[in-house]
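Peer 1: Fold the following, please.
(chains A, B, C and D)
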Protein chains: 2
Amino acid sequence: MANARSDDIARQTPAPAVEEPPRKSDLTRQRILDAAARVFSERGYSGTRLTDIAARAGLQAGSLYYHFDSREKLIDEIMHLGTRRTHAAAVERLAALPPDASPLRRLETLIENHLLLGLEQSDYSSASIKLIWQVPADIRERQLVGQRAYGALWREELEKARAVGAIRPDLNLSTVRMMIAGALNWATDWYKPTGDSPTRLARDLVEMVLHGLARAPAREAGPDGGVADPPPATSRPRR
Amino acid sequence: MANARSDDIARQTPAPAVEEPPRKSDLTRQRILDAAARVFSERGYSGTRLTDIAARAGLQAGSLYYHFDSREKLIDEIMHLGTRRTHAAAVERLAALPPDASPLRRLETLIENHLLLGLEQSDYSSASIKLIWQVPADIRERQLVGQRAYGALWREELEKARAVGAIRPDLNLSTVRMMIAGALNWATDWYKPTGDSPTRLARDLVEMVLHGLARAPAREAGPDGGVADPPPATSRPRR
DNA sequence: GTCTATACTGAGATAGAC
DNA sequence: GTCTATCTCAGTATAGAC
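Peer 2: Below is the predicted model:
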């Protein structure tokens, strides 16, 4: 799938206080993490054996234990990194918006960021999404705690949008959040690189989430300039 | 969660041609299936051991093999039943609509049916949803084949809606289908009986999917009478 | 048909040589 | 640090008594 995955967005290894040459075989540790993120995101929790990870990292299964205490610790770290990475990228992309960007434009950014990271930009993000409901409950609990900050970001943006009347006031926002997450995260599973591009998927998804599936009769332009209105009825149907 | 699950909707054991008393311990077989559906839907693929299933069905692990060749066969059957059940219930509920129900009303029905079965009405449906991306690829392939008819039903209804102009013409319908599935199916994982009721969730979900999150300025009533329009701006916010 | 007892297997984990 | 070899154990599956 993604030989070209960069995964350099928001790599947040805490920078050493002083310039140190990266200790020679913390590089191996990193290789193992990268390999594991990839394999887990491809084969899931029960489909991934330590042997697979070791093979991809170019060593023997037993050698992994020099770097990690257990398979579980390895999973913990990958998922944690995935969440942090998604979160950091979101913050970054929000910051890159013009300061007067509308709340809807900001939500759009959150949606795109999450989907693109999960689909093709980061094995860590994909893995954390794919694994969250596959892993045993204790692992999941730890992860959900770590995801609070990211969840809070979504909540804030949604509330901000509601405060200024950009979104409907009648929906339970935490339900909304979970539904959007579902639509985005499920894609991590069904997405095949042979179909629509991630960018195109993101577009349709943003449209659906913000404006819905139903033909909105005579919808007028909203107060913000950032979000495209649904195209006119004459658009050519797709598929 | 669901001691009261009926699971009698669309139970499709092929009726014997002649009236036969149900063979005494096909009943056991059924008990095993019910137990397995429940446990798998609660603990997932790798969290479920044959011992758990046996315990819930009231026998020893080894005894399962009198009724099923392998754990895999058992999973196959449960998931298959889940799909059939969801599909059959959908057909039933569509048939129960007034013949002049609008296409949007029909989509609404599909959405509600899928969500409610997955959340609380059928362990089989929950299990098939929860397991589909957890099981090994060969099991999944078989299931996806079995789901084609149900997928086709969705596709038909969506296309019908588009044909009469009830939904937007610019979205890729198979993407739409997967996004809706994601929003609905993800709920099977995060849903906790302590929050909003499934009915309430279904309402918000239908609203989101059909009309979107954005405040639609000056939306007018659609041509169909079945679907509630978004409430006025004065609605009281939730959460 | 269901039980008890046991065989088999895959995969995580450890030990010790290099 | 990484290898090879091995231990351990959980969990599926089988055998044979009842």
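Peer 1: what about the biggest helix by length in chain A, near DNA strand C?
Peer 2: Secondary structure of chain A per DSSP state H: the longest helix is helix A:71-95. Yes - using C-beta under 7 Å from any atom of the strand, helix A:71-95 reaches DNA strand C at A:71, A:72. (C-beta placed from N, C-alpha, C; glycine too.)
Peer 1: can you list contacts of the helix or strand just after that helix?
Peer 2: Once the chain leaves helix A:71-95, the next helix or strand it forms, by DSSP states H and E, is helix A:103-116. Helix A:103-116 is touched from outside by A:86, A:89-90, A:93-94, A:97, A:101, A:153-154, A:157-158, A:160-161, A:164, A:166-167, A:180-181, A:184, A:187, A:198-199, A:201-202, A:205-206, A:209-210, A:222, A:224, A:226-227, B:213-214, with contacts defined as C-beta atoms under 8 Å, 6 or more residues apart in numbering or on different chains.
Peer 1: now do 7 Å
Peer 2: A:86, A:89-90, A:93-94, A:97, A:154, A:157, A:160-161, A:164, A:166, A:180, A:184, A:187, A:198, A:201-202, A:205-206, A:209-210, A:224, A:226-227, B:214 (C-beta atoms under 7 Å, 6 or more residues apart in numbering or on different chains).
Peer 1: among those residues, which ones are buried?
Peer 2: Taking 16 or more other C-beta atoms under 10 Å in any protein chain shown as the criterion, what is buried in the contacts of helix A:103-116 is A:86, A:89-90, A:93-94, A:154, A:157, A:161, A:166, A:180, A:184, A:187, A:198, A:201-202, A:205-206, A:209-210, A:224, A:226-227, B:214.
Peer 1: Can you flag which of those residues belong to strands?
Peer 2: If you go by DSSP state E, the buried ones among the contacts of helix A:103-116 have nothing in strands.
Peer 1: restrict these to contacts with DNA strand D.
Peer 2: Counting by C-beta under 7 Å from any atom of the strand, no member of the buried ones among the contacts of helix A:103-116 is near DNA strand D.
Peer 1: Could you confirm whether the longest helix of chain A reaches chain B?
Peer 2: No - Helix A:71-95 does not reach chain B (C-beta under 7 Å from any C-beta of the partner chain); its nearest approach is 12.3 Å.
Peer 1: In terms of secondary structure, what does that helix contact?
Peer 2: helix A:26-47, helix A:103-116, helix A:123-131, helix A:137-146, helix A:148-163 (3 or more C-beta pairs under 7 Å, 6 or more residues apart in numbering or on different chains; DSSP states H and E).
Peer 1: Kindly reformat the ones you listed as TSV containing distance to residue B:45 and mean pLDDT.
Peer 2: Putting the helices and strands packed on helix A:71-95 into TSV (distance: least, C-beta to C-beta, whole Å; pLDDT from 0 to 100) gives the following:
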stretch	distance to residue B:45	mean pLDDT
helix A:26-47	6	97
helix A:103-116	25	98
helix A:123-131	12	98
helix A:137-146	14	98
helix A:148-163	26	98
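Peer 1: deepest of the ones you listed, which one?
Peer 2: Compared across the helices and strands packed on helix A:71-95, helix A:123-131 shows the largest average neighbour count, a mean of 27 (mean count of other C-beta atoms under 10 Å in any protein chain shown).
Peer 1: Quick one: residues in contact with that helix.
Peer 2: A:5, A:7, A:37-38, A:40-41, A:44-45, A:75, A:78-79, A:81-83, A:85-86, A:117-118, A:185, A:188-189.
Peer 1: same check, this time on stretch A:79-98
Peer 2: Contact partners of stretch A:79-98, identified using C-beta under 7 Å, 6+ apart, comprise A:9-10, A:12, A:105-106, A:109-110, A:113-114, A:117, A:122, A:124-125, A:127-128, A:131, A:143, A:146-147, A:149-150, A:153.
Peer 1: what's the answer for stretch A:135-146, then?
Peer 2: Residues outside stretch A:135-146 that contact it (C-beta under 7 Å, 6+ apart) are A:45, A:72, A:75, A:76, A:79, A:80, A:83, A:132, B:47.
Peer 1: on that earlier part again, columns distance to residue B:62 on top of the helices and strands packed on helix A:71-95, output as TSV?
Peer 2: As requested, those are exported to TSV (distance: least, C-beta to C-beta, whole Å):
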stretch	distance to residue B:62
helix A:26-47	23
helix A:103-116	46
helix A:123-131	32
helix A:137-146	28
helix A:148-163	45
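Peer 1: Up against DNA strand D, what does chain A have?
Peer 2: A:23-25, A:28, A:54, A:58-63, A:66-67.
Peer 1: out of those, which one sits closest to DNA strand C?
Peer 2: residue A:62 (3.0 Å; C-beta to the nearest atom of the strand).
Peer 1: Phi, psi for the closest one please.
Peer 2: In terms of degrees, to the nearest 10, the main-chain angles of residue A:62 are phi -60, psi -30.
Peer 1: Kindly report the same for residue A:64.
Peer 2: Here is the backbone geometry of residue A:64 (degrees, to the nearest 10): phi -60, psi -30.
Peer 1: Thought residue A:33 was touching it, still the case?
Peer 2: No - the criterion here is C-beta atoms under 7 Å, and residue A:64 misses it with residue A:33 at 10.7 Å.
Peer 1: returning to that earlier point: name the member of the contacts of stretch A:135-146 that has the highest neighbour count.
Peer 2: Highest neighbour count within the contacts of stretch A:135-146: residue A:79, with 27 neighbours (other C-beta atoms under 10 Å in any protein chain shown).
Peer 1: Rebuild the contacts of stretch A:135-146 as TSV, extending it with distance to residue A:18.
Peer 2: Shown next, in TSV, are the contacts of stretch A:135-146 (distance: C-beta to C-beta, whole Å):
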residue	distance to residue A:18
A:45	39
A:72	33
A:75	32
A:76	28
A:79	30
A:80	26
A:83	29
A:132	37
B:47	46
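Peer 1: and which of those residues is nearest residue B:174?
Peer 2: Minimum distance to residue B:174 across the contacts of stretch A:135-146 is 25.1 Å, recorded for residue A:132 (C-beta to C-beta).
Peer 1: Could I get the contacting residues of the closest one?
Peer 2: Residues near residue A:132 by C-beta under 7 Å, 6+ apart: A:140, A:143.
Peer 1: let's see 8 Å
Peer 2: Counting by C-beta under 8 Å, 6+ apart, residue A:132 touches A:79, A:140, A:143, A:144, A:185.
Peer 1: any idea how far it lies from residue A:170?
Peer 2: With distances taken as C-beta to C-beta, to the nearest Å, residue A:132 is found 29 Å from residue A:170.
Peer 1: likewise residue A:71?
Peer 2: The separation that residue A:71 has from residue A:170, given C-beta to C-beta, amounts to 46 Å.
Peer 1: go on, residue A:118?
Peer 2: Residue A:118 is 29 Å from residue A:170, by C-beta to C-beta.
Peer 1: out of the two, which sits in the busier spot?
Peer 2: Ranked by neighbour count (other C-beta under 10 Å), residue A:118 and residue A:170 place residue A:118 first, with 26 against 17.
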